[in-house]
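S.K.: What follows is a predicted structure for the sequence shown.
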Amino acid sequence: MNDKTLHILNGDTLVDRLPKIGIQEDQLVWREMLCEGKTNYDLTSEAFKNERIAYLNQFKATEETYVKSFLNPLLTTNYENYTTIVLWFEYDLFCHINMIAVLSYLKQQKTTAKIYLVCSGWIENDTQLKGLGELSEKELKNHYEQKIELNNDDIRLADQLWKLYCKNDHSLFKKYITLKSSFPYLSNCISAHLKRFPAVDSGLNVLETNILKIIHKQEIKNERQLVGYVLQYQGYYGFGDLQIQNIIHKLAIFFETKNGRFVLNRKGLLAKDHIKSFYDELSDDTIFGNCSKYEYCYHPSKLILTKHE
């Protein structure tokens, strides 16, 4: 068999950019956002498809668009045709959960291709983490030339993590934080995921708390400006505008507009400083994989999840 390479991209921004750095090989785009909503371990199952359509319906996804734009690129590709597969994913949680699902699927396909990872993040002499779409052509080419070959242990680990993500007890992620692997940002992403659960003393997770701190510290005049701040200072989450807007809307009970700017109300000040718990007021049916957000509490001092009592 002649050498043939497939590039699996984390989004559409790279489709036209790869040819500009000399990469003319086959591509497919994995457009999912598995960091939110219910999932199923088997990407080929009706259960997976139905759960994802039900969740993505809020973003106007229909069964037809989901199957055509999300599922088919991944599921209808014949991986036996390729000797090399290159994954292009970023440093953040959004990308990493999509990535472990892809690697689990490739493992189930029993592909014999060599698998490589191109992962953006910290750039030398830069103070901000960068996504692949933010890299210059030179930086993008350098990342490709320094791609990481994933070994069997890495692929097995990704499969284990995807299986765990699709179960209902995410406290078990804790043991993987210190595990060594070829994924440079995996530990950061696992830590970020555990911090998505409500803190035991306030009922807010770390991102929700940080949004209140931004409102308190900065002169925020409207929602659009607040979304911009959160996008810039969200760390390892990698969420998009719509996801951030949904979080802000949920936090509306904690702030109001005074003299043309957002200010925290009494509840907001108590929540920001973790003086009172708003767990019951915030509790809803949010689910990560197959784990209900409000069935667990995060303990910042111990970096662990426990069942909410």
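M.R.: Received, thanks.
S.K.: Only C-alpha atoms from now on, for both contacts and neighbour counts.
M.R.: Fine.
S.K.: Would you mind measuring the gap between the ends of stretch 123-141?
M.R.: Using Cα to Cα, to the nearest Å, the gap from the first to the last residue of stretch 123-141 comes to 13 Å.
S.K.: Which residues belonging to it are considered buried?
M.R.: Neighbour counts using 16 or more other Cα atoms under 10 Å place L129, K130, G131, L132, L135, L140, K141 of stretch 123-141 among the buried residues.
S.K.: and if you look at stretch 74-83?
M.R.: Residues L74, Y79, Y82, T83 are the ones in stretch 74-83 that count as buried (16+ other Cα under 10 Å).
S.K.: And it, end to end?
M.R.: Between the opening and closing residues of stretch 74-83 we find a distance of 17 Å, counting by Cα to Cα.
S.K.: what's in contact with it?
M.R.: 2-6, 28-30, 44, 109, 111-114 (Cα atoms under 8 Å, 6 or more residues apart in numbering).
S.K.: could I get the buried residues of stretch 123-141 as CSV with pLDDT and secondary structure?
M.R.: Below are the buried residues of stretch 123-141 laid out as CSV (pLDDT from 0 to 100; DSSP: H, G, I helix; E, B strand; the rest coil):
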residue, pLDDT, secondary structure
L129, 87, coil
K130, 88, coil
G131, 90, coil
L132, 92, helix
L135, 92, coil
L140, 94, helix
K141, 95, helix
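S.K.: Can you show me the strands along the stretch 51-200 of the chain?
M.R.: In order along the chain, the stretch 51-200 of the chain carries the following strands (DSSP state E, counting those that start in this stretch): 84-89, 114-119, 148-150.
S.K.: which residues are in contact with the last one?
M.R.: The set of residues that contact strand 148-150 without belonging to it, under Cα under 8 Å, 6+ apart, is K114, I115, Y116, L117, V118, S182.
S.K.: Flag the shaky bits of the chain, pLDDT-wise.
M.R.: Of all residues in the chain, those with pLDDT under 70 make up the ranges 1.
S.K.: In it, where's the longest helix?
M.R.: Taking residue count as the measure and DSSP state H as the definition, the longest helix of the chain comes out as helix 93-108.
S.K.: The closest residue to T112 other than its chain neighbours and N72: what is the separation?
M.R.: Using Cα to Cα, 6 or more residues apart in numbering and skipping residues adjacent in sequence, the residue nearest T112 is T83, 7.1 Å away. Using Cα to Cα, we find T83 at a distance of 21 Å from N72.
S.K.: one step back: and the buried ones among the contacts of strand 148-150, selectable in PyMOL?
M.R.: Here is the PyMOL command that selects only those of the contacts of strand 148-150 that count as buried (16+ other Cα under 10 Å):
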select buried, resi 115+116+117+118
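S.K.: quick revisit: of all the strands of the stretch 51-200 of the chain, which lies closest to I253?
M.R.: Distances from I253 to each of the strands of the stretch 51-200 of the chain were compared using Cα to Cα; the shortest belongs to strand 84-89, at 35.5 Å.
S.K.: Name the residue closest to the centre of this structure, please.
M.R.: If you average the C-alpha coordinates of the chain and look for the closest C-alpha using Cα atoms, centre = their mean, you land on F94, 1.3 Å from that point.
S.K.: There's contact between that residue and E32 in this structure, I believe.
M.R.: No: in this structure, F94 sits apart from E32 without contact. The criterion is Cα atoms under 8 Å, and the distance is 9.2 Å.
S.K.: Now for the closest residue in space to N265 that isn't next to it in sequence, how many residues are close by?
M.R.: Using Cα to Cα, 6+ apart and skipping residues adjacent in sequence, the residue nearest N265 is F255, 5.1 Å away. Applying other Cα atoms under 10 Å, we find 19 other residues in the vicinity of F255.
S.K.: So what sits opposite F255 in the bridge?
M.R.: Beta-bridge partners of F255, counted by DSSP bridges, are L264.
S.K.: tell me the contacts of it?
M.R.: By Cα under 8 Å, 6+ apart, the neighbours of F255 are F262, V263, L264, N265, G268.
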